[in-house]
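>>> Below is the sequence, then the predicted model.
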Amino acid sequence: MRYDRDAGTILFHPKRFRLEEVPADSIVRIEAGNRDDLPGVAWETVFLFFHLDDGEVFVVSEHDRGFLALVNDLRVFFPRIVDWRQAVPPVPFQLTSVDLWARQKPGGGGDSGNLDAESAA
């Protein structure tokens, strides 16, 4: 998994011959949450949920290859994405959900982020 700066797209290879592409400008909300019912996985495993403008949700795990590099690349556009560890609950088997970013709504509300940050840098 990685962020393609030229295309402005998250690229994810969930299976050997399959590629998923998520345009960064289609993301309307980012949420971090944990799961504690996965066999053989620690209770504090965190997932990032990318809610898209078409209603789909793209999910990645902190255990997916390239996770930290993806968070590092996306922090320019979605600054609070670096706070994903807040979704780790203080005790085992407690579900946690943390909203990290939401697209600015007309009339206010949400965090506009900075999808043009690269051009400003």
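It's in. Numbering: from 1, shown residues only.
>>> Please make it C-alpha for all contacts and neighbour counts, starting now.
OK.
>>> How are the strands of the protein distributed by residue range?
Along the chain, the segments classed as strands by DSSP state E run 2-4, 9-15, 18-23, 27-35, 45-52, 57-61, 97-102.
>>> tell me which residues of the longest helix along the chain are tucked away?
Secondary structure of the chain per DSSP state H: the longest helix is helix 67-74. For helix 67-74, a neighbour-count test (16 or more other C-alpha atoms under 10 Å) marks 67, 70, 71, 73, 74 as buried.
>>> For the residue lying closest to residue 75 once chain neighbours are set aside, give me its contacts.
Leaving aside its sequence neighbours, residue 75 sits nearest to residue 81 (C-alpha to C-alpha, 6 or more residues apart in numbering; 5.8 Å). Contacts here follow C-alpha atoms under 8 Å, 6 or more residues apart in numbering; on that basis residue 81 touches 30, 71, 74, 75, 100, 101.
>>> Distance of the closest residue to residue 34 other than its chain neighbours relative to residue 88?
Distances taken as C-alpha to C-alpha, 6+ apart put residue 46 closest to residue 34, at 4.3 Å, once the chain neighbours are dropped. Distance from residue 46 to residue 88, counting by C-alpha to C-alpha, to the nearest Å: 7 Å.
>>> Mutual contacts of these two, please.
Here residue 46 and residue 88 share the contacting residues 33, 34, scored by C-alpha under 8 Å, 6+ apart.
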